[in-house]
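In: please find the sequence and the predicted model below.
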Amino acid sequence: MTDFLITTERLILRPVAASDAEAIAALADNYKVAVMLARLPYPYSIEHAHQFIDWVKGQPEGHTIFVLCLRDEARTFIGVCSYERRDGEHPELGYWLGEPYWGKGYMSEAVKAVIAHAFTVARHERLLSGCRLQNLASRRVLEKAGFEHSGQHEIDSLVLKAKVPGHRFVLTRERWESLAR
């Protein structure tokens, strides 16, 4: 579970709070967002948001989940970025952003900060990630952050109730360090 704060030029990455439920529900209740993700239900209700918050609070060490907020006066919630161990040895980077905030570079900024956290604070050696084949924006975020394409695979889609084709990506600590020089 995440218990600290990261700030970037335009964002604050912080732990999820019970008070985030309405903002999470408002942005996650969007088919365009949900259809690109594996585990986000649609329609997305306030009850789903409360379940997500409870789930985050119950996660073991090694699951690091940040809510993304603008560094404006209201600290406006815009999305989520995390790395979690799911099925294997290496954690998987995942994220989603509310549609009003697409195309502004926020997710690239957040992903770079979360990757730095994963490699410097959590001391991971490798991060995995993936996206649906047609999610070109997500692919660009991963590639700009230094991830390398490692093949195709199937992604579960809760919204479509099916497996859908996707890209798989990997970023090693060694590559990340070499890009940071």
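Out: In hand now; what should we look at? Residues are numbered from 1 along each chain as shown.

In: that's a helix at Cys81, yeah?
Out: No. Counting by DSSP: H, G, I helix; E, B strand; the rest coil, Cys81 falls outside a helix, being strand.

In: okay, which residue is most central for the protein?
Out: Against the mean C-alpha coordinate of the chain, by C-alpha atoms, centre = their mean, the closest residue is Tyr95 at 1.8 Å.

In: list the contacts for Tyr101?
Out: 78-79 (C-beta atoms under 8 Å, 6 or more residues apart in numbering). No exception for glycine: its C-beta is placed from N, CA and C like everyone else's.

In: same question for Arg71.
Out: Arg71 neighbours (C-beta under 8 Å, 6+ apart): 7, 9-12.

In: 6 Å instead, please
Out: 10, 12 (C-beta atoms under 6 Å, 6 or more residues apart in numbering).

In: just Phe119 next, same as before
Out: Contacts of Phe119 by C-beta under 6 Å, 6+ apart are 173, 176.

In: which strand or helix spans it?
Out: According to DSSP states H and E, Phe119 maps onto helix 106-120.

In: same check, this time on Arg175
Out: helix 173-180.

In: again, but for Gly130
Out: Using DSSP H and E, Gly130 sits within strand 126-132.

In: distance check, Tyr83 against Gln152.
Out: In this view, Tyr83 and Gln152 are 22 Å apart by C-beta to C-beta, to the nearest Å.

In: which regions of the protein sit below the pLDDT cut-off?
Out: Within the chain, the stretches with pLDDT under 70 are 1-3.

In: let me see the ranges of the strands in it.
Out: Assigned by DSSP state E, the chain shows strands spanning 6-7, 11-14, 64-70, 77-84, 92-97, 126-132, 148-157, 162-172.

In: hmm, back to that, name the nearest residue to the residue nearest to the centre of the chain, ignoring sequence neighbours.
Out: Cys81 (4.1 Å; C-beta to C-beta, 6 or more residues apart in numbering).

In: count the neighbours of the closest residue to Tyr83 other than its chain neighbours for me.
Out: Computed as C-beta to C-beta, 6+ apart, the closest residue to Tyr83 that is not its neighbour in sequence is Pro91, at 4.2 Å. Close neighbours of Pro91, defined as other C-beta atoms under 10 Å, add up to 21.

In: again, but for the one 3 residues further on
Out: The number of residues packed around Gly94, counting by other C-beta under 10 Å, is 20.
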